[in-house]
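Trainee: Provided below are the primary sequence and the corresponding predicted coordinates.
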Amino acid sequence: MSNSITVTGIVATTPRHLVTSAGLAITSFRLASGQRRYDRTLHSWVDADTNWYTVTAFRHLAHNVVRSVRKGEHVLVAGQLRVRAWQNAERSGTSVEVEAEAVGHDLSWCTTNYLRPVTAAAAVQGLPTAPDPAAVSGASSGETVPPAGVTTVATGESAVRSV
């Protein structure tokens, strides 16, 4: 049985990025996926419940997500669904998680420019580069910034953030 899922929604938290002592990059954020339905009595669309997911990306995808995705942006996430029961001394509940295989902006809501990470050697060749990852990620003390030596080359006219 496949647990593959594709979800659209709004990034509800600032993506949290860390690198484990073993060197594994992990980025996670909460995703709010609002549901709408057509109400025949009102003859209009109405908001229904919001589903909440914890999205986790690993390795190279984790680095790209922390550089590209911001709180409040509309995104698409494809990955493996994990539903886990949890409990502590005071409460219990269920967490719904998506282990991301792909994350991207929802182009129904914005436009983006494609930036491809490349080695530092490409920057030496005079190719245009994106801003420093530390400045883009808004890193503060306690946060891990993507590894040094990785630059981003612009393949479009200019870098344009989502609106």
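Mentor: Everything's here; your move.
Trainee: now do the SS call for residue 36.
Mentor: Under DSSP: H, G, I helix; E, B strand; the rest coil, residue 36 falls in the strand class.
Trainee: what's across from the residue nearest to it when sequence neighbours are not counted in the sheet?
Mentor: In space, and not counting its chain neighbours, residue 36 is closest to residue 45: 5.1 Å by C-beta to C-beta, 6 or more residues apart in numbering. Where you see a C-beta, it was placed from the backbone N, CA and C, and this is true even at glycine. With DSSP bridges as the criterion, residue 45 is bridged to residue 38.
Trainee: where along the protein do the strands fall?
Mentor: Per DSSP state E, the chain carries strands over the ranges 4-11, 16-19, 25-39, 44-58, 74-87, 92-105, 115-119, 150-154.
Trainee: hey, which of those strands is tucked in deepest?
Mentor: Ranked by mean neighbour count under mean count of other C-beta atoms under 10 Å, the strands of the chain are led by strand 150-154, which reaches a mean of 18.
Trainee: so what's residue 54 up against?
Mentor: If you count contacts by C-beta atoms under 8 Å, 6 or more residues apart in numbering, residue 54 has them with 28, 29, 30, 31, 95, 96, 97, 98.
Trainee: which one of those is nearest to residue 10?
Mentor: Nearest to residue 10, judged by C-beta to C-beta, of these is residue 31 at 7.2 Å.
Trainee: any idea how far the closest one is from residue 71?
Mentor: Here the criterion is C-beta to C-beta, to the nearest Å. By it, residue 31 lies 11 Å from residue 71.
Trainee: before we move on, back to that, wait, which of the strands of the chain is closest to residue 64?
Mentor: Of all those, strand 115-119 comes closest under C-beta to C-beta, at 6.8 Å.
Trainee: can you point out the buried residues in the helix ranked longest in the chain?
Mentor: Assignment by DSSP state H gives helix 59-68 as the longest helix of the chain. The neighbour-count check on helix 59-68 (16 or more other C-beta atoms under 10 Å) flags 61, 62, 63, 64, 65, 66, 67, 68 as buried.
Trainee: now do the contacts for the residue lying closest to residue 27 once chain neighbours are set aside.
Mentor: Nearest residue to residue 27, sequence neighbours excluded (C-beta to C-beta, 6+ apart): residue 62, at 4.0 Å. Applying C-beta under 8 Å, 6+ apart, we find residue 62 in contact with 17, 25, 26, 27.
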